[in-house]
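*Asks:* Could you look at this predicted model? Sequence included:
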Amino acid sequence: MTSGGGPTMQVSAGILIVGLGGNNGVTLLAGQIANRRGLSWETASTGRIDANWYGCLTQIEPRGIHGGVGFRGRVPGLASADAAVVGGWDIRPTKLGQALYDCRVLEPDLVRQVREEMDGTDVMPGVWDPSFIGESQHATATHVVGGDDDASARTRVERIRRDIRTWKEKHNVNGHITVIWSASVERPSEAEYQSPDELLSAIYDDANNDDISPSMLYAVAAALEGCSFVNGGSQNTLSPAMTCLYDQSYRKADSSSALAKFAPYSASRAYCLGTDYKAGQTKFKTAAVEYLRALGLSPRVIASSNHLGNNDMLNLTTKKTLNAKMRVKSDIFGPWQEKDLDHKVSVMYCPYIGDEKRDFVEYTSLGFLGSPHTMVTYTRCMDSILCVPLMVDAAIWCDYFVNNGVSAGDAARATAYLFKVPEGEAKGVDPGFFHQMKELEGVLEKTSGGTKSAADGDVFALGVSKGIITKEQADALLGLSST
């Protein structure tokens with residue numbers, strides 16, 4: 001990359017995945033390798049395919065006269081996912097290339113091309129607590145932190161912090177690092193804290209037996225290292241105490257005795273986002289109900305079911321973890337306060353289906369003079385293909401927002417579209433997908449170097465699409481228009 005005629009260092013955003021060996025983790029890593037290396041591969045249904053970032057709004061360019069969704073080339077300073085560094089932890093010892101082969105998400109010709117590089121990628125042992133996940137996950141959990149590092153919540157946090165620092169130095173990560181929870185859904189934690197001091201004190205006390213989940217430990221460790229944390233699972237990792245820990249003013253203060261116990265720690269800006277990626281059925285549900293409401297109809301019954309056979313669904317066959325998932329799936333329409341809406345959700349584990357999620361939803365509403373209006377949707381898609389773009393966008397947005405000094409509240413609201421139930425500082429955001437995209441646009445408008453002039457962005461994007469100017473020239477012109 002060059003700027004003003006001189007060489008500059010390409011920003012490498014860091015993506016650390018808890019559950020790297022799972023379907024989402026290996027699919028993301030395979031996609032990043034394919035794009036970085038410019039691979040192409042044969043498919044059974046559509047012929048030869050070139051690597052692309054379809055679904056990743058930060059990585060695709062606007063389309064059409066009005067731009068449409070897509071921010072690459074429109075928002076100067078967005079990191080390229082091609083240059084991202086991907087790593088993480090897993091409680092299973094399976095090599096990543098083998099895990100990609102086993103999960104049967106991607107085409108065999110692509111798997112063949114990336115398998116060797118993926119098998120050579122190190123996976124850090126994971127922190128775990130068997131009481132928080134389903135019994136189906138216990139037998140294979142052999143790649144875990146042990147010994148003195150597993151003696152207490154404090155030692156586990158310090159181990160995760162050390163892992164982050166070592167990984168960052170080893171891979172020369174010069175961008176912001178985002179830690180993403182993509183491991184099995186945990187049962188809800190029963191530990192409640194009113195402040196970050198209470199949370200940190202509980203972790204520091206080696207004699208404490210509070211019900212602190214592994215996801216909470218990863219989130220705390222990330223904050224102390226100045227990394228963002230994204231809760232891609234359904235569990236209650238985010239809390240007022242955790243949100244406050246990510247408040248930069250808290251970590252900059254010198255008066256917190258609890259925080260001082262974990263010195264040295266980072267006071268850098270970072271974000272805590274979640275909860276549970278809104279990838280497939282739920283994303284369309286919110287868009288569909290948004291459409292029904294826009295028509296002036298009164299939604300009365302939404303009955304939905306989905307079934308698949310991946311490991312995430314296997315973990316949900318345990319009631320304690322299923323309760324966490326059903327909490328977020330059932331609460332997606334909360335801020336709309338549709339008191340007459342009967343929303344039912346059913347999830348089923350069907351091993352034969354693998355990662356290819358099937359979902360069916362029937363929407364029944366009342367129209368003019370109470371006449372019923374019913375529509376049905378049916379979707380089939382690999383679950384990981386839906387989820388991975390959200391993981392990529394979460395990390396790239398965190399990097400961008402940190403670099404542009406965006407507040408925690410604005411960052412949370414701007415990324416609310418990624419989650420089933422926006423929590424933390426995004427709590428209460430309108431659940432409609434298009435309303436949430438307006439939140440993102442609004443934050444970008446406020447951000448230095450962002451879409452200060454949407455009209456300019458549309459014109460430059462059109463110029464690139466017509467071959468009048470290059471993408472590099474469009475980026476330079478957008479940079480001038482934002483000053």
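*Replies:* Received, thanks.

*Asks:* what stretches of the protein score poorly on pLDDT?
*Replies:* Filtered on pLDDT under 70, the chain yields the residue ranges 1-9, 254-256, 324-331, 448-467, 471-472, 475, 478-483.

*Asks:* for the stretch 251-400 of the chain, what spans make up the strands?
*Replies:* 272-274, 298-308, 342-349, 356-366, 372-382 (DSSP state E, counting those that start in this stretch).

*Asks:* Now mean neighbour count and distance to Asp205 too, for those strands, in JSON lines please.
*Replies:* To be clear about C-beta, it is placed using only N, CA and C from the backbone, and glycine gets the same treatment. Below are the strands of the stretch 251-400 of the chain laid out as JSON lines (neighbours: other CB atoms under 10 Å; distance: least, CB to CB, whole Å):
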{"stretch": "strand 272-274", "mean neighbour count": "29", "distance to Asp205": "23"}
{"stretch": "strand 298-308", "mean neighbour count": "18", "distance to Asp205": "41"}
{"stretch": "strand 342-349", "mean neighbour count": "15", "distance to Asp205": "38"}
{"stretch": "strand 356-366", "mean neighbour count": "18", "distance to Asp205": "42"}
{"stretch": "strand 372-382", "mean neighbour count": "13", "distance to Asp205": "44"}
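
*Asks:* Between the ones you listed, which one is closest to Leu316.
*Replies:* strand 342-349 (6.4 Å; CB to CB).

*Asks:* The closest one pairs with which strands, and in what direction?
*Replies:* strand 298-308 (parallel) (DSSP bridges).

*Asks:* which residues touch Glu192?
*Replies:* By CB atoms under 8 Å, 6 or more residues apart in numbering, the residues touching Glu192 are Ser239.

*Asks:* before we move on, what about the one 3 residues further on?
*Replies:* Ser195 sits next to Ala241, Cys244 when contact means CB under 8 Å, 6+ apart.

*Asks:* Could you find the closest non-adjacent residue to Tyr265?
*Replies:* Leaving aside its sequence neighbours, Tyr265 sits nearest to Leu224 (CB to CB, 6 or more residues apart in numbering; 4.4 Å).

*Asks:* close enough to count as contact, that neighbour and Arg162?
*Replies:* No. Judged on CB atoms under 8 Å, Leu224 makes no contact with Arg162 at a distance of 11.1 Å.

*Asks:* More neighbours: which of the two?
*Replies:* Leu224 (24 against 14; other CB atoms under 10 Å).

*Asks:* Contacts made by stretch 425-436 with the rest, please.
*Replies:* With CB under 8 Å, 6+ apart, stretch 425-436 has contacts from 243, 273, 283, 286-287, 289-290, 293, 332-336, 408-409, 411-413, 415-417, 419, 422, 439.

*Asks:* from the middle of its chain, how far away would that stretch be?
*Replies:* On the basis of CA atoms, centre = their mean, to the nearest Å, stretch 425-436 sits 16 Å off its chain's mean C-alpha point.

*Asks:* what about the strands in the stretch 51-200 of the chain?
*Replies:* 85-90, 124-125, 177-181.

*Asks:* any idea which helix or strand comes after the helix or strand harbouring Val230?
*Replies:* Counting by DSSP states H and E, the element that carries Val230 is strand 228-231. As assigned by DSSP H and E, the chain's next helix or strand after strand 228-231 is helix 240-245.

*Asks:* that older thread, inside helices: which ones of the contacts of stretch 425-436?
*Replies:* Among the contacts of stretch 425-436, the members found in helices (DSSP state H) are 243, 283, 286-287, 289-290, 293, 408-409, 411-413, 439.

*Asks:* I only care about the residues you listed that end up buried; give me the ChimeraX line for that.
*Replies:* In ChimeraX, this line selects whichever of the ones in helices among the contacts of stretch 425-436 come out buried by 16 or more other CB atoms under 10 Å:
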select :243,283,286,289,290,293,408,411,412,413,439
